[in-house]
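In: Give the three-dimensional model of this entry:
(one chain, ligands or ions: 2)
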Amino acid sequence: MGQFTRPMKMQWAITRQSAGPSVAAHNQMAAASAPMLRNAQRCSLSTINVKDKLSSRYLFREAAIINGKDFPSAAHFPVYDPATEAQIGVCPDLTPRQVDEAIAAASNAFSSFRRTTPFERAKLLREWRDLVMESQEDLATMITLENGKPIDEAKGEVAYAASFMDWFAGEAPRAYGDVIAPSVGANRAITIKQPIGVCAIITPWNFPAAMITRKVSAAIAAGCTVVIKPDSETPYTAIALAKLAKIAGIPDGVVNVVTTKSYLKEVGEKLCTDERIKKVSFTGSTNVGRLLMAQSSSTLKKLSLELGGNAPFIVFPDTPVADAVAAAVTSKFRGSGQTCVCANRLFVHESIYDEFCELLTETVSGFKIGNGLEEGVTHGPLIHDRAVNKVEAHVEDAVKRGGKVLVGGNRAMEVGKYFFHPTVIRDAKPGIRIMKEETFGPIAAVFKFSSEEEVVALANDVEVGLASYLLTKDINRVFRVAEQLEYGMVGVNTGIVSDCATPFGGVKFSGFGREGSKYGIEEYMTIKSITFGGVGAPY
Ligand SMILES: NC(=O)c1ccc[n+]([C@@H]2O[C@H](COP(=O)([O-])OP(=O)(O)OC[C@H]3O[C@@H](n4cnc5c(N)ncnc54)[C@H](O)[C@@H]3O)[C@@H](O)[C@H]2O)c1
Ligand SMILES: O=CCCC(=O)O
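Out: Ligands and ions are numbered 1, 2, ... in the order given. From the prediction side, this is the model:
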């Protein structure tokens, strides 16, 4: 195994110590280049010392990671805490030329990493998983600082992120090929699966850890190397994960992280057009997904696109209202409504509509919004101004067309600039914007329906098809409706469909490809068939 052995605690301690000078040197550089800060759209009044909040200070790094090392750059962009608007640090604003170095590192590393055995890769993934869970508190603190979600939810995200490492450690040795009887009777054929090569991993801000590990764990299990480009709102969790990958013994160059803000379009184009990259795996909006697909066509890259949703949440009359509300709250308000699988449209049968709206309003009234690091806070801020503006516009539109706000309905400026009161709207009408657009915020718009036929038609009347939910005790209805829903995922009597063991992905404009499950690793492999001529007697 050579370089792939488990790092002893002693080696880890050495790595921790040696991390010090390079971070200090980097920080000096960052301070020197402060006047060069680019793209400072927000003007922060204060700064947060993130390291003082961590037990492993080395995990907070204001550097890209290329070939296992901190990669300094003269230009930086600032990163802010959406709860307090305080600056939490700066990050290298890399140019496409600098990103080229990451691609070169991943490409060099691929030539040896592809030859490791699946068992070696499984061991590395488990080592990485253990370190991530040992760092759960620190990683969660960074997630809360850069994304805003409450600390307990952030800890849950770390565990969810680690579950993909565990899952794909198990899948690595199970990437079986086939034995085939070809049409020429004396021939025999087999297939083998091989890693596709260097992969570009482009991820959003709403799950700064899990969207990365869901892709990268599968890529590593398959024997690929990666260049990760996290969102510029949430880069530090990605960088810390790459640091832990190095400590876990994952060879240099296998996991690279590039950060950029001013050069986003150019870096995106570079990742899509560079011939050394064989696959782009993207999670984000449908519009950016379309652009990346168009850009990738010249080099015919394999693509996985996990795009936006507009989940229907359908409550049939035989569902106990308390169960329906509990599932709706989990589905709708997780991450303050900022997940791609959040219920966006709540359809409730007319016979239990009033009771449902009343209990939902009572439950939502009990939420406590605030800084996710504070005790008792159940819901954090939205990520930025654009997000708050969209939520506000959706509420105004729903009200203009007859919707009634039962709780919330406005910004919570008294808590912070990016906070919006969790909102319940009843008498939502099919013509409102929420019906067609993903809100990505804490607005529960409740629609009334009378028949199964009507609600299935309404649920399917959108361009996207990621997650959907239905609540009923009638098993025949479960199959009838689930099979008609034009969605990649259907949750039955639950508000959560996400699990490392089940295929995650969409249809229609929600994209294609599946993550997690036994299918996730396939996205990072190619199938080769090997035919042996005239080796057997005809069958
Ligand atoms: N299907 C899923 O699994 C899933 C998961 C999470 C989020 N989402 C979707 O993501 C969206 C929310 O995130 P967002 O609006 O910030 O997404 P976004 O598409 O704007 O950004 C996602 C990522 O793409 C990058 N990006 C943006 N423009 C780029 C370009 N021209 N070239 C290369 N990279 C570029 C961003 O920096 C970020 O890293 C929602 O629609 C949500 O539903 C989907
Ligand atoms: O935001 C999209 C991903 C959500 C999840 O994996 O549960």
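
In: Quick check: residues of this structure near ligand 2?
Out: The chain comes close to ligand 2 at residues Asn206, Phe207, Ala210, Thr339, Cys340, Val341, Ser498, as judged by C-beta under 6 Å from any ligand atom. Using the backbone N, CA and C atoms, a C-beta is placed for each residue, glycine as well.

In: one more time with 8 Å, if that's ok
Out: Within the chain, the positions lying close to ligand 2 (C-beta under 8 Å from any ligand atom) are 160, 204, 206-207, 210-211, 214, 283, 306, 309, 334-335, 338-342, 496-498, 504.

In: helix/strand/coil for Gly491?
Out: The local conformation at Gly491, judged by DSSP: H, G, I helix; E, B strand; the rest coil, is strand.

In: Surely it is in contact with Asp499?
Out: No - Gly491 lies out of contact with Asp499 (C-beta atoms under 8 Å); the separation is 10.6 Å.

In: Looking at these two, which one has more neighbours?
Out: Higher neighbour count among Gly491 and Asp499: Gly491, with 23 against 13, using other C-beta atoms under 10 Å.

In: what's across from that one in the sheet?
Out: Judged by DSSP bridges, the bridge partners of Gly491 are Tyr469.

In: From Asn371, how far out is it?
Out: For Gly491, the distance to Asn371 (C-beta to C-beta, to the nearest Å) stands at 30 Å.

In: for Gly156, same thing?
Out: Gly156 sits 18 Å away from Asn371, taking C-beta to C-beta as the criterion.

In: neighbour count winner among these two?
Out: Taking other C-beta under 10 Å, Gly156 and Asn371 do not tie; Asn371 has more neighbours (20 against 17).

In: nearest residue to the residue in the chain that ligand 1 sits nearest to other than its sequence neighbours?
Out: The nearest approach of the chain to ligand 1 comes at Gly268, 2.0 Å away (C-beta to the nearest ligand atom). Nearest-residue entry for Gly268: Leu292, 6.6 Å, with adjacent residues in sequence omitted and distances by C-beta to C-beta, 6 or more residues apart in numbering.

In: If I look at the residue of the chain closest to ligand 1, what pLDDT would I see?
Out: On pLDDT, Gly268 comes in at 98.

In: residues in contact with it?
Out: Residues counted as contacts of Gly268 (C-beta atoms under 8 Å, 6 or more residues apart in numbering) are Ile202, Lys229, Val288, Leu291, Leu292, Gln295.

In: give me phi/psi at it?
Out: Here is the backbone geometry of Gly268 (degrees, to the nearest 10): phi -60, psi -40.

In: Can you name the next helix or strand after the lowest-mean-pLDDT helix or strand in the chain?
Out: Scoring the helices and strands of the chain by mean pLDDT, DSSP states H and E places helix 9-32 at the bottom, with a mean of 33. Next along the chain after helix 9-32, taking DSSP states H and E as the criterion, comes strand 64-66.

In: for the record, mean pLDDT for the helix or strand following that following strand?
Out: Using DSSP H and E, the helix or strand that directly follows strand 64-66 along the chain is strand 69-71. Across strand 69-71, pLDDT averages out at 97.

In: Tell me where the stretch 301-450 of the chain has helices.
Out: With DSSP state H, counting those that start in this stretch as the criterion, the stretch 301-450 of the chain has helices at 321-333, 353-365, 385-400, 433-436.

In: Off-centre distance for the last one?
Out: Helix 433-436 has its average C-alpha position 23 Å from the chain's average C-alpha position, going by C-alpha atoms, centre = their mean, to the nearest Å.

In: is it anywhere near ligand 1?
Out: No - using C-beta under 8 Å from any ligand atom, no contact is recorded between helix 433-436 and ligand 1, whose separation bottoms out at 13.4 Å.

In: So for that helix, what gets flagged as buried?
Out: Arg433, Ile434, Met435 (16 or more other C-beta atoms under 10 Å).

In: Of all the residues in this protein, which one is nearest ligand 2?
Out: Ser498 (3.1 Å).

In: I figured that residue was touching Ser163, is that so?
Out: No - with contact defined as C-beta under 8 Å, Ser498 does not count as touching Ser163 (9.8 Å).

In: Look at Glu486 and say how many residues are nearby.
Out: Applying other C-beta under 10 Å, we find 16 residues neighbouring Glu486.

In: And for the one 3 residues further on?
Out: Met489 is surrounded by 23 other residues when neighbours are defined as other C-beta under 10 Å.

In: for it, what are its contacts?
Out: Counted by C-beta under 8 Å, 6+ apart, Met489 has contacts Val341, Leu466, Ala467, Ser468, Val497, Thr502, Pro503, Phe504, Gly505, Gly506.
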